[in-house]
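Student: Need a 3D model of the following:
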Amino acid sequence: MYFRNVLRGFFLALAFASMTGCSQSGSGLPPAPASSFALSPDTTLRVHWLGKRGMQLRMGSYYLMRIWQLKISDDLQARTLSRLASSASSHWLATSPEKAQIANGLLEYSLKDLVQNECYLEVRQPANQPTAEFVFAIHLDPERAAYWETNLANITGLLTGTFPAPSVTDLRGWSLDRTNPPNRFQFVRVNDWAVFGAGTGSNTLFSEIRDRVRQYDDPFAATASTNWLEADVDLARWPGSLAQTWLGSGNSPEISFTVTGDGANVLTRGNLVFPETLHLECEPWTPPADLIPEPLNSFTAVRGLKPWLSSLKFWRDLPIDTAPGQLYFWALPGAAAQAFFAAPLPDASNQVSRLTEYLMEKSNPWLAARGYVKFEHLPGSNGASWGTMPSLQPFFKYMNTANGAMVFGGLLPDTTPGTNTQDNLYQRPSRSRLFDQISAQTNLVYYDWELTGTRIDPCLYLGQVSRVVSRHAQLPLESTSLKWLKAAAPGLGDCTTTITCVGTNRLSFFRKSTVGFTGAELQLLADWLESPQFSGGLYSTLTPPGN
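Tutor: Just a heads-up that it's a prediction; the model follows:
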């Protein structure tokens, strides 16, 4: 539980830091050999973060840093780190109320260092040990390193009830031994690095990282790499139930990814290696060309879904004989509800009819009992629609297209393409170009393109409507997160994401974007940052009083 809480806090700080954004000292030490960066078979997690200061020195981060020099970006960062420290002291670290205020102040100052400076985290789970080994190292100036020495000693004392003793080695630091696992905590300061470890017994991992920063300049190859963030995680060995909940399957992958930039864009690359074969069925793409107008604000195509969908109980309960192997989504400029989907489906007309009757019979009584409007037959088709709002009325129906029978649906049945003020600022790819891009890669399983700035308002509108419909509180429009989205939106350009199958059990991920996130992901991020239960929940999961 201790390691899980510490890692959770570290990841949340990095998630924010990688969105918001130390150079080495001239020590005269040799660079670390390439062999020292090989991943240990026992490693369950490894993260190397360059730090915002290091990013600012690189041309590749130029445009991202412009966004994060906005005053509202500083406000959002300060507010998030303050709330993160408060949440950590009271919830993750289970600090008593009388000690929480002390821990809160200590943590908040340390989190600022974590965002700004180069740091390294690794967790190993040796097969012969019941407790994992944990190490965290951060590159600091002498004054900040001294602060961390005292700060971590105080936090460790608050958690364990025992204050650490000064180290007896030639290095500045301290250690603490106790009975309960992890039974050994250690801290050292060496060559402008602060290194903290926890584990059982001698903690081989701590000794390894301590010796690396002692012997080598640039111990984690920050100057030799263009990456801002590097991470490796083995979900199958992750503590708790995360491995079993990965997409509803025990086939949990090893994930590695990097984040860097080319000056104008954030470049995210990753690989997922699964222990078992994926059994993807990638039939040729059949996009519904005659259903998709131009211009577009977004377009998504995904295939190989049939085996996974067929394995889900939710899908098996539906009166649909065959799961679709492909799905297409797109959104148009103008009204937020101009978002649609299509899926090629054998015998689509009969399948849509059966689904419509199923909803009338099974879903309408449930909706009526809870005061919602019912599904209605969609005029002129065998499909259905739900809702009576003039600006939002989800629907689905059967369509016969040039590429075969399709299930077609969206958020509003009768719409025409609108206009958008950003048409002259960013160039949209043509529909035919998008189709050519998905057809050009035979191993492509997922493709997504969007003009992110134009998706911010529609995603916010749809999010707010969904909160009203589900009887949850709306996000405050004057919240810091939404103010930041509004300020950043004009500067957010194209975002393209691809996932390719590069082996029977391996997927490769690539994204080229402005800030690393899509419009929908930014909306979800704002929902999380504004939650009264931050960082343990979403704003939209809170039920307002009286409901």
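
Student: gap between stretch 357-368 and the chain center?
Tutor: 35 Å (Cα atoms, centre = their mean, to the nearest Å).

Student: List the buried residues of it.
Tutor: 358-359, 364 (16 or more other Cβ atoms under 10 Å). Any C-beta I mention is one placed from the backbone N, CA and C, and that applies to glycine too.

Student: and what of stretch 387-399?
Tutor: For stretch 387-399, the buried set under the neighbour-count rule, 16+ other Cβ under 10 Å, comprises 387, 392-399.

Student: Give me the three-state assignment for the residue of the chain most remote from its centre.
Tutor: The centre of the chain is farthest from one residue, Val168, which by Cα atoms, centre = their mean lies 42.3 Å away. What DSSP: H, G, I helix; E, B strand; the rest coil gives for Val168 is coil.

Student: residue contacts, it?
Tutor: Contact analysis of Val168 by Cβ atoms under 8 Å, 6 or more residues apart in numbering lists nothing.

Student: Under the pLDDT cut-off, which ranges of this protein? List them.
Tutor: Applying pLDDT under 70 to the chain flags the ranges 1-28, 34-37, 88-105, 239-250, 414-426, 541-547.

Student: longest strand of it?
Tutor: strand 494-503 (DSSP state E).

Student: Can you identify the element that follows it toward the C-terminus?
Tutor: For strand 494-503, the following helix or strand on the C-terminal side (DSSP states H and E) is strand 506-513.

Student: in that following strand, what's buried?
Tutor: 507-509, 511-513.

Student: go on, stretch 263-273?
Tutor: So, applying 16+ other Cβ under 10 Å, buried residues of stretch 263-273: 265-268, 270-272.

Student: Take those and write them to JSON lines, including secondary structure and distance to Glu478.
Tutor: Shown next, in JSON lines, are the buried residues of stretch 263-273 (DSSP: H, G, I helix; E, B strand; the rest coil; distance: Cβ to Cβ, whole Å):
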{"residue": "Asn265", "secondary structure": "coil", "distance to Glu478": "31"}
{"residue": "Val266", "secondary structure": "strand", "distance to Glu478": "28"}
{"residue": "Leu267", "secondary structure": "strand", "distance to Glu478": "34"}
{"residue": "Thr268", "secondary structure": "strand", "distance to Glu478": "31"}
{"residue": "Gly270", "secondary structure": "strand", "distance to Glu478": "36"}
{"residue": "Asn271", "secondary structure": "strand", "distance to Glu478": "41"}
{"residue": "Leu272", "secondary structure": "strand", "distance to Glu478": "39"}
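
Student: quick check, nearest of those to Asn403?
Tutor: Of all the buried residues of stretch 263-273, Asn403 sits closest to Leu272, with 29.7 Å by Cβ to Cβ.

Student: wouldn't that closest one be in contact with Val502 here?
Tutor: No: Leu272 is not in contact with Val502 according to Cβ atoms under 8 Å; the separation is 9.9 Å.

Student: where along the stretch 351-500 of the chain do the helices fall?
Tutor: 364-369, 431-440, 452-469, 480-488 (DSSP state H, counting those that start in this stretch).

Student: same check, this time on the stretch 201-350 of the chain
Tutor: Under DSSP H, counting those that start in this stretch, the stretch 201-350 of the chain gives helices at 204-215, 306-311, 313-316, 348-358.

Student: which stretch among the ones you listed comes nearest Leu158?
Tutor: helix 204-215 (21.0 Å).

Student: There's contact between Leu111 and Arg83 in this structure, I believe.
Tutor: No: taking contacts as Cβ under 8 Å, Leu111 lies outside contact range of Arg83: 10.3 Å.

Student: between those two, who's got more neighbours?
Tutor: Neighbours were counted for Leu111 and for Arg83 using other Cβ atoms under 10 Å; Leu111 has more, 23 against 17.

Student: Tell me how many other residues crowd the closest residue to the more buried one other than its chain neighbours.
Tutor: Excluding the flanking residues, the one nearest Leu111 by Cβ to Cβ, 6 or more residues apart in numbering is Leu81, at 4.6 Å. Residues lying near Leu81 (other Cβ under 10 Å) number 22.

Student: Find the helix or strand that Leu81 is a member of.
Tutor: Taking DSSP H and E as the definition, one finds Leu81 inside helix 71-87.

Student: which parts of that helix are buried?
Tutor: Result for helix 71-87 [16+ other Cβ under 10 Å]: buried residues 72-73, 76-77, 79-87.

Student: How far away from the center of its chain is that helix?
Tutor: Helix 71-87 sits 18 Å away from the centroid of its parent chain (Cα atoms, centre = their mean).

Student: where's Tyr372 relative to Gly463, distance?
Tutor: Going from Tyr372 to Gly463 by Cβ to Cβ, to the nearest Å gives 19 Å.

Student: neighbour-wise, which of those two wins?
Tutor: Neighbour tally, Tyr372 and Gly463, criterion other Cβ under 10 Å: the higher count belongs to Gly463, 19 against 16.

Student: Surely that one and Leu525 touch.
Tutor: No: judged on Cβ under 8 Å, Gly463 makes no contact with Leu525 at a distance of 11.5 Å.

Student: Verify the contact between Pro346 and Val352 for me.
Tutor: No: contact criterion Cβ under 8 Å: Pro346 and Val352 do not qualify, at 11.9 Å.

Student: Which one's more surrounded, these two?
Tutor: Val352 (26 against 12).

Student: That one: what's it in contact with?
Tutor: 382-383, 396-398, 407.

Student: could you dump those residues to JSON lines with distance to Arg214?
Tutor: Shown next, in JSON lines, are these (distance: Cβ to Cβ, whole Å):
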{"residue": "Asn382", "distance to Arg214": "72"}
{"residue": "Gly383", "distance to Arg214": "68"}
{"residue": "Phe396", "distance to Arg214": "63"}
{"residue": "Lys397", "distance to Arg214": "68"}
{"residue": "Tyr398", "distance to Arg214": "69"}
{"residue": "Val407", "distance to Arg214": "62"}
